[in-house]
Structures are given as structure tokens and as C-alpha cells.
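Q: okay, predicted coordinates and the sequence, questions at the end:
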Amino acid sequence: MATFILSVNGVDHTVEANPNMPLLWALRDLLNLTGTKYGCGIGMCGSCTVLMDGNAVRSCILPVSASADRAIITIEGFSTDGLHKVQQAWLAESVSQCGYCQPGKILTAAALLDKNPHPTTAEIDSAFENNLCRCGTYLRIRRAVQRAAEGG
Amino acid sequence: MTKISRRDFLKVSFTAGGALLVGTYLEACAPADLTDTPLPMPTGTSTAIPEPPFQPNLHIRIDTEGVVTLIIHRSEMGQGVRTSLAMILAEELEADWSTVRIEQMDASKGVNQITSGSGSILINYDRLRELASVARRILVEAAAQFWGVTPEECKAENGEVVRMASGERVGYGQLVAIANTLDSKPRPELKDPKDFKLIGTSLQRVDDPDIVTGRAIYGLDVRVPNMLYAVVARPPVLRGELLEYDSTQAESEAGVRAVVEIPGGVAVIAENTWAAIQGRAALKLTWEDGENESLSSEAIRQQLVDKMDAAIAEEKATPLKTIEAVYETPYLAHAAMEPVNCVADVCADVCELWIPTQNPQAVQEFVEARLGLPTIVHVTLLGGGFGRKLEVDYALEAVEVSKAFGGPVQVVWTREDDIQYDFYRQVTYHWMKAGWDNDGKLGLWRHYLAGQGISGVAYQAGTEVLNEDIAVLYDFDGRISTSYLVNLPVRTGPWRGVVSATNAFANECFVDEVAAALGRDPFEFRMSSLRKNDLLRAALELAVEKSDWDSPLDEGHGRGIACHKTYGQTSVAMVAEVSVKDGGVHVHKVTCAISCGQVIHPDMVIQQMEGSIAFGLTSLLKGEITYKDGRVQQGNFHDYPLLQMSEMPEVEVYMVEDSRPPQGLGEMGVPPIVPAVVNAIFNATGIRIRRTPIRPGDLLVS
Ligand code: FES
Ligand code: FES
């Protein structure tokens, strides 16, 4: 066990954890931020995606020890009012079915648009590789990303 | 002094400020400003004692502030049922949709809560309309009494009752006190569908704002005071048993609080999920593998083949020209993105569960029978269900862990647990034969199916389920469809589309084979053989028209068509366009036509078709569950992959004019998609796929 400072959604949290504990479980079980989801634990589905220093990362394969002193944003802190243009686009396109995978998808989209404000379809597909949705909302995710790119 | 017990605390935290109900408001629900129009109180009502809400039935509660709470008894797993059932209630109640709140019903003895068979709307449409319309009529009577007029002089509208002569309005909240004093039981008086304001529109789904902000609460997100986390080690070989275990090392893992033996395994209970998983990895376990220790997929298949060979041996010779083919499907896991899980708190006198379940009443019944304790079952959102969450195994297991440990625990299933201890879609082996005379008129059709019934614990089934939807839809002469049940130890359960998916694969692909053998166009052949089924014919015609069926195709492309009427309810036809290159198939576009009766929410029809297409394509293009030495060989998305975004075809959905009441939707797109694509592959390459999933090499032209 060791002590780490995790900066999550702009707030510093001190956590006691096994250094190998994936960030996912620290967020969910130690900090009670359950918006970040568990889907596979092996980096294959994207449900656990968070932003770290602006990049989309898979928190299930990222040890807490590598997450300390980095700026982590989870879905809960992504916007104060739920009105970020990506979230708005998600609502406008009615993307969600069960919704379980969507926090990870929204953060993946935000990181993509940050680096590439006008992605092509192929670029969207590649950003969402191994970003699985069992409900099959892929067409709408793609449309929502395009909508957000056009300004919402 | 009243002492607040932990259980009271839970109740408070889960109804007032609590996780489960938080954020179920449609919008930030600003209560109407009632302060400047003081409520006229009926005599005898004191302002000091709050008036209880008006609660005319299990589904509707209206408080004095005018907040209308609609209590939904079916499980939300992505199909949109919390929205569509609420729309039906709000429509007939004349509620103000912008202030409606949604609440999830606990397991209750009052109403059928099983979410299966795409039946939530079909079964509840009339019932909910009637209940809501009775409530509306009581509110109108209350308003009439309030004004001293007759009910005929008033009408309900958007959360208020209007006095028609004067235009005066009174909100539902202000009528609660009077409504509670009325003992009238008006008959339902349903709205004319042409006056519908909500039904038929694509409203924002009620859970959407919570989903995009991470506030939506699924089973894995439940947190109750003092809750610990557990994972369970289960026998690696199907139906094996624990011989002995050594937990010394597991117990020394940081964060591990206890290791307990339960029926069927060993649970590691810890302060967080990660510690529990680490603890489980450190257990030393010795299993008795039992009679399935050498079970393999090859041996299972051989049993199906033997059963079928015996059935075919009885076939008589025929003078007709015939063709035969065998179609096969494997075991498939549900693989919902949220693995199964359950929070259980077994106390001395009561048990309380929080669970993502499609079947809360079965959970309650089985747990009460197991424990002999009254059991409260709270239903969370489901991160996908697809039939897996009809079963009760994960509830019973969580209850055993909580009981053995003595406190509230969340039993987490890892992805590997979820895939390896599923109730799979059953294996099927279909023998098909068709025969025709010299004029090409069909006089013989055989569909013999060897397979396994559903072996689940709570979701009972057997041969009829194996048989359901096996009959081919076309009016061929000499049709015989029979199923032969093979007893196998593998756990099976309903999987989106159940046997309609496997039967439609065999039927619709073999119909295509017959059409090709007769030199007929697959669409025209279907239409000429479908005499009675008007809605299915209409769906086929619409899909063909919208897909431009006869237009020229690019080099290497092919088009295929298939249709199915699932559970006797909803007809869906699909045209798929594919291309095949270097042994791989790409599905470009699916044109879908559906006949599903009255449409409650048009966009949800499209969502369900998109979702079904992705689900079906995964079964055709991706993985399967296989056994070797009694063990499931797959465990996670690297060896049980799902469809990716780049593989998702363009989808167009068109609705057939259909005046029936609403029919099911959730599963209905799954049966036609696989045969439509398989038939398109044939059209592109001349290769017939008769076994799913497509394997490497299947599409290489030799
Ligand atoms: S849970 Fe992290 S990628 Fe699947
Ligand atoms: S919306 Fe259900 S898994 Fe993506």
C-alpha cells in the first residue's frame, strides 16, 4: 500500500492503494465516481475511458501509481452542467441505448475533437477502435461526433 | 426519540437523496410556483398534516405540488422501456411531460414484471392506458367538485383540469386532496389515437441526461453504507465441485477482509473490487472436475449429428427433384457491456437486493425460497440484458456471499466470469430438404432441428422453445418442421431473438438456395410463395423498393434479402449489400422495413433495428463459445470479439403502415439480418455460408 494524490476533476484526493491498482477501481471504489465503467479490464472495450492531461486513456489498465499528479477528468467532471457540445450532440442524436458504454465514448470523442476538430469518418472509426457498444449505437456515435465537430 | 436504523437510512438514501432515484427527473423539476395562489383546502384538511399523494394504482403517484411520478415496472436495458411506458401513461393521464418523474418499481406482487419476449409494450399498452385514463377521470371529477360543476363541463389537459365554459384551470397537485376523498371508480375512457400528443413522437429518452453526465446508476454503481466488494471463484469445469481450498495467501492480500465458502465456489470479500480480484487470484483451489471433464465442442456436435442422422433415416424416398443442406450455429454469450452483478444485504429478518435484472419477481421468489426471509428487490438500470439478466443465479450467489459474510456485499462478475458462466444461446443443427416437380412447384419442405432447449434456473423452457418459430413462413406444400431435443449439460438461456434467430438463419438461407436452384429471383420467389401474410409481404416490398433491389451493383458486391415474423408479432424484411474481398466480407448497407403496429416512439424503432443489426452481425462475423476439457475456451473481448464501429453498415429503416396496436421490437431485427447478409454473400461470390460464425477461409475462392 502507498499513498497517492489523484487530481480528479480539479480536486486533489489522497488515496491509499496498492500501486498496481488500476485507476478504474480507485475512481469507482475509493472515490465513488461510478460514471467511469468497467467493461473488460484489459483495455479492449473503452468503457473505462477517462481524460488524462487531455488524452483519452483506459483507466482499467493504468495503475494508480502512473496516474498520480496528472490532471484526470471523468464524466462527472467533464462539464459542470452536462452541456458540453459533445454531450449536447449525444442528446441531439439520441445516441444512448442502455448507456453503459457512453461515458467512455463521450470522453473518447472529446479527446479526438480536441486534437482533430474535423475528423473524417475513417478517423472517427479509428479513434473508436476497440471502443465497443453491445447495443450497437455506432452510427449515432459517428453522427454525434460529426455534429459536435460542426459546433453542436 | 426514534432511533434511525441502518435500514431506515437506506430507505431514505435510496428514495430521497439516493443513488437509485437521483436524476430520474425529466428535467430539473422546478415545482410550479403555488405560493401566490393559496390552495383552497377542502374542509377538514389541516395544512399541518401533509396530504398524502394521490396514488390511484401501482404506476401513478401525484403529490400536492403537482409532481407526477410514473412508476415503471419493466426493466430498462437500452430498449427505452422507461420512456415508452411513461409516454403511454402520460398520454392518457394528460400529464405535463416536462414535469413527469420516472421511478423504478421494486419487485412487487401486483403486476407482471418480467422483461422478455419483446413484450413490454404489447402486453401493457391497453392496461396502462386504461389505468391512466381512470386516474385522469378521477382528477376531472375532483375538479368538477372543486368548482361545483359536472365533470362533463371539465376536461384534463397537460397536468391541469380546465373548466371549459370559463377557461379556469386547476393543477393536478391542487386536486390531490379532493381526489383522495372520492371513492368513485370511473370506467376507462380512452383517447382517440388521433388526439395523441406524446405517442408517435420521438421524445428525448428519460434516462439520456443522466447517461451523458455519468449519473445513471447501473447495478455495478450501487453503493450502500458499509458495503464491501466480492468476487467468486467458480469451478473451471462445467458443473465441477470444490474439494478443498487454502485461503492463507488470499487473506494476506491488502484490502481482503474475508474468504468464505458458498455453494458452488469460494468468495473473496474485500474493501474494493481490485483487492477482491487479487485475493481470488491468490486462492489455492482444488476442484473435482466431475463427469464433464472431457466435454468438448466436437463431442457436443457429434451428439447433434447422431440425433439428426437417426431422424433422417426415417425419411422416405421422393420422386421430386430435391436439394439438402445443413445449417449450424454455436453457443453464444450475451456479453452485455455491464457484466452481471448484485448487491445483497442479508439481515436477520429481511434481505435487500439491488440488482440489474429483467426478472425481479423471480429474483424475489427464488431468494425468499432460499433464505426463508422477506426480500426487497430494487431494480437498477441494466447495462444491457439481452436475456442474460432473466436468470437468478447471480442473485442467489450474492445472497449466499452476504449471508456467509454477514453484511452487505456487491458481488462483481469480471468480464471473464460473465462470459464463462453465462447461460448461452443454444447450439443448433438444422437439416433442410426441399423438393419440387418438373414445373418447379414445391411439394416437399423439411426442417429438422437438433438442439438444446433452455436449461436456465428461473427462465423455464424445453422443447417448445426449441420449436418456436421453426415453421417456414411460405405456403409450400408438404412442409414438415420438427425439433429433436438433445440433453447437454451446458447452461443455456434466452439470447436476443432466441430460436427465431437460429431458425430464421436456416429457413431464410435455404429458401434462398431453393430460389437459386430454380433460377428464380429471391424476392420474387418469396412473394409468389407468401400468399397469406400481408404485413410480411408489405415489409418485403418496401425493403426491395427502398434498397433499389434491381439496380446494378459494383464489382464484387452482392445483395441479399431475408425476412421473418418474430413471435407471431412483428414482420421485418431486410436487404443487405455486401462486398467480399481477400476472404473478408464488408457489409455496406442494410435496408430494413418493419411492420410493428402503432408506433409509440419512431426513433426507438430505428434504434432497435440498428442495435439488432449490430447484435446479429456479431453472431455472424465474430466469435463463438467453445468447450475443451469441460472448460469454456473464451474469456474476454480478445477471444470473444464484438462488432466494431468500422464494421457497422449504414442502416435505413422504413415502417410499413400497420393499424394494429403496438407490437414487439427489441429482438425483431435479429432474425433477418444474418440470412440477409449470408444471401448477399452468395449473390456476390456464389459461396454459401451454412455455419456461423464465418471462419477464416470460408470466403476464400479456391
Ligand atoms: S474496461 Fe477498460 S477498456 Fe474495457
Ligand atoms: S449503449 Fe449499451 S453498450 Fe453502448
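A: Cool, the structure landed. Note that this is a predicted model, so its numbers are computed, not measured. Ligands and ions are numbered 1, 2, ... in the order given.
Q: only alpha carbons, please: show stretch B:597-615 as CSV.
A: Output of stretch B:597-615 as CSV, limited to C-alpha atoms (Å, rounded to 0.1, in the frame of the first residue of the first chain):
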residue,chain,number,x,y,z
GLY,B,597,-48.3,-1.9,-35.4
GLN,B,598,-48.9,1.5,-33.7
VAL,B,599,-45.5,3.2,-33.2
ILE,B,600,-45.0,4.7,-29.8
HIS,B,601,-41.6,6.3,-30.4
PRO,B,602,-40.4,6.3,-34.0
ASP,B,603,-36.8,6.9,-33.2
MET,B,604,-36.7,3.9,-30.9
VAL,B,605,-37.8,1.7,-33.7
ILE,B,606,-34.8,2.8,-35.6
GLN,B,607,-32.5,2.4,-32.6
GLN,B,608,-33.8,-1.2,-32.1
MET,B,609,-33.2,-2.1,-35.7
GLU,B,610,-29.6,-0.6,-35.6
GLY,B,611,-29.0,-2.5,-32.4
SER,B,612,-30.4,-5.8,-33.6
ILE,B,613,-28.3,-5.5,-36.8
ALA,B,614,-25.1,-5.0,-34.8
PHE,B,615,-26.1,-7.9,-32.5
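Q: what's the neighbour count on the nearest residue to B:Leu642 once chain neighbours are set aside?
A: Using C-beta to C-beta, 6 or more residues apart in numbering or on different chains and skipping the chain neighbours, the partner closest in space to B:Leu642 is A:Leu132 (4.8 Å). C-beta here means a position set from N, CA and C on the backbone, and glycine is covered the same way. By other C-beta atoms under 10 Å in any protein chain shown, 26 other residues sit near A:Leu132.
Q: ok, A:Leu132 to B:Pro641 distance?
A: When C-beta to C-beta, to the nearest Å is the yardstick, A:Leu132 and B:Pro641 sit 8 Å from each other.
Q: ok, B:Ala543 next?
A: B:Ala543 sits at a distance of 29 Å from B:Pro641 (criterion: C-beta to C-beta).
Q: between those two, which one's more packed in?
A: Here B:Ala543 and B:Pro641 are compared on neighbour count by other C-beta under 10 Å; more neighbours surround B:Ala543, at 30 against 18.
Q: need the three-state assignment for that one.
A: Reducing the assignment to helix, strand or coil with DSSP: H, G, I helix; E, B strand; the rest coil, the entry for B:Ala543 is helix.
Q: OK, contacts around it?
A: With contacts taken as C-beta atoms under 8 Å, 6 or more residues apart in numbering or on different chains, B:Ala543 has the following neighbours: B:561, B:563, B:573-575, B:591-593, B:654.
Q: check B:Lys185 too.
A: B:Val134.
Q: A strand includes it, no?
A: No: read with three-state DSSP, B:Lys185 is coil and lies in no strand.
Q: need the pLDDT of it.
A: pLDDT, the model's per-residue confidence, is 91 for B:Lys185.
Q: which helix in chain A runs the most residues?
A: Among the segments of chain A that qualify as a helix by DSSP state H, the longest is helix A:102-115.
Q: what residue in the stretch 101-250 of chain B comes nearest to ligand 2?
A: Among residues of the stretch 101-250 of chain B, the one nearest ligand 2 by C-beta to the nearest ligand atom turns out to be B:Ile211. It sits 8.1 Å away.
Q: enumerate every residue touching that residue.
A: A:96, A:99, A:102-103.
Q: dump the residues you listed to a markdown table, plus neighbour count.
A: Shown next, in a markdown table, are those (neighbours: other C-beta atoms under 10 Å in any protein chain shown):
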| residue | neighbour count |
| --- | --- |
| A:Ser96 | 29 |
| A:Gly99 | 32 |
| A:Gln102 | 31 |
| A:Pro103 | 28 |
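Q: B:Gly110 reaches B:Leu58, doesn't it?
A: Yes: B:Gly110 lies in contact with B:Leu58 (C-beta atoms under 8 Å); the separation is 5.2 Å.
Q: between the two, who's got more neighbours?
A: B:Leu58 (13 against 10).
Q: sticking with the residue of the stretch 601-702 of chain B found nearest chain A, tell me its helix or strand.
A: The nearest approach of the stretch 601-702 of chain B to chain A comes at B:Ala614, 2.6 Å away (C-beta to the nearest C-beta). When secondary structure is defined using DSSP states H and E, the element that contains B:Ala614 is helix B:602-621.
Q: elements contacting that helix?
A: Contacts defined by 3 or more C-beta pairs under 8 Å, 6 or more residues apart in numbering or on different chains; DSSP states H and E place helix B:602-621 against helix A:138-149, strand B:584-595, strand B:650-655, helix B:670-685.
Q: relative to ligand 2, how far out is A:Glu123?
A: In this structure, A:Glu123 and ligand 2 are 21 Å apart, going by C-beta to the nearest ligand atom, to the nearest Å.
Q: now swap in B:Val651 and tell me
A: In this structure, B:Val651 and ligand 2 are 16 Å apart, going by C-beta to the nearest ligand atom.
Q: could you pull up phi and psi at B:Gly686?
A: phi 80, psi 0 (degrees, to the nearest 10).
Q: neighbours of it, how many?
A: A count of neighbours around B:Gly686, defined by other C-beta under 10 Å, yields 10.
Q: for the residue of the stretch 601-702 of chain B closest to chain A, what are its contacts?
A: Contacts for B:Ala614 (C-beta under 8 Å, 6+ apart) come out as A:133-136, A:138, B:643, B:648.
Q: would you agree the residue of the stretch 101-250 of chain B closest to ligand 2 falls within a helix?
A: Yes: with three-state DSSP as the criterion, B:Ile211 is located in a helix.
Q: give the contact list for B:Trp147.
A: In this structure, B:Trp147 makes contact with B:153-154, B:163, B:168, B:170, judged by C-beta under 8 Å, 6+ apart.
Q: then A:Ala149?
A: For A:Ala149, the set of contacting residues under the criterion of C-beta under 8 Å, 6+ apart consists of A:113, A:117-119.
Q: with pLDDT added, can I get the residues you listed in JSON lines?
A: Below are these laid out as JSON lines (pLDDT from 0 to 100):
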{"residue": "A:Leu113", "pLDDT": "98"}
{"residue": "A:Pro117", "pLDDT": "98"}
{"residue": "A:His118", "pLDDT": "97"}
{"residue": "A:Pro119", "pLDDT": "98"}
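Q: report pLDDT for B:Glu152.
A: As summarised for this prediction, B:Glu152 has a pLDDT of 98.
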